[in-house]
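Undergrad: no sequence on hand, only this structure:
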């Protein structure tokens with residue numbers, strides 16, 4: 001039953017963060033293309049994307065907190081995370097594929113933790129390709 005719960009949480013995080021990413025990029029694209037100057041729009045889009053990724057990391061931090069404290073799907077190698085910021089930091093490390101530092105998940109938590117970098121990598125590259133596309137369009141129009 002714990003594995004099924006971990007699978008559901010993992011899919012919820014992937015679907016939730018991907019849907020949020022899609023909607024945010026759609027809105028950022030509309031706003032950027034309506035703007036007067038490319039440079040201010042580019043700065044706005046970059047700040048928007050950074051904020052978006054922080055929210056997505058927050059989704060994973062909440063999932064890790066829920067899986068660790070409430071659902072008991074495993075733990076982080078016996079290390080206690082005393083604050084929500086610890087979950088956020090761990091989620092950021094996993095999301096950006098930086099590695100686990102000295103924290104190694106055990107139990108069903110491993111499933112969630114192993115999918116986080118895959119989803120993070122896809123969302124980060126989606127943001128990069130969106131920025132590339134936007135700048136290429138501006139260069140072609142001479143904006």
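TA: Noted; the coordinates are in hand. Keep in mind that what you see is a predicted model, and the values were worked out from it rather than measured.
Undergrad: use CA for all of it now, contacts and neighbours both
TA: Fine.
Undergrad: look at residue 102 and report its pLDDT.
TA: The model reports residue 102 with a pLDDT of 77.
Undergrad: now it: how far from residue 54?
TA: 22 Å (C-alpha to C-alpha, to the nearest Å).
Undergrad: looking at the two, which is more packed in?
TA: The residue with more neighbours, out of residue 102 and residue 54, is residue 54; 15 against 9, by other C-alpha atoms under 10 Å.
Undergrad: and what about the more buried one, helix, strand or coil?
TA: Three-state assignment for residue 54 (DSSP: H, G, I helix; E, B strand; the rest coil): helix.
Undergrad: skipping its backbone neighbours, what lies nearest the residue nearest the centre of the chain in space?
TA: Centroid check for the chain by C-alpha atoms, centre = their mean gives residue 56 as the closest residue, at 3.6 Å. In this structure, residue 56 finds its nearest non-sequential neighbour in residue 17, 5.6 Å apart by C-alpha to C-alpha, 6 or more residues apart in numbering.
Undergrad: residue 32 now?
TA: Spatial nearest neighbour of residue 32, excluding adjacent residues (C-alpha to C-alpha, 6+ apart): residue 41 at 5.2 Å.
Undergrad: count of neighbours near the one you found?
TA: Look at residue 41: counted by other C-alpha under 10 Å, it has 19 neighbours.
Undergrad: correct me, but the residue nearest to residue 56 touches residue 59?
TA: Yes - Residue 17 lies in contact with residue 59 (C-alpha atoms under 8 Å); the separation is 7.2 Å.
Undergrad: who has more neighbours, these two?
TA: It is residue 17, of residue 17 and residue 59, that has more neighbours when counted by other C-alpha under 10 Å, with 22 against 19.
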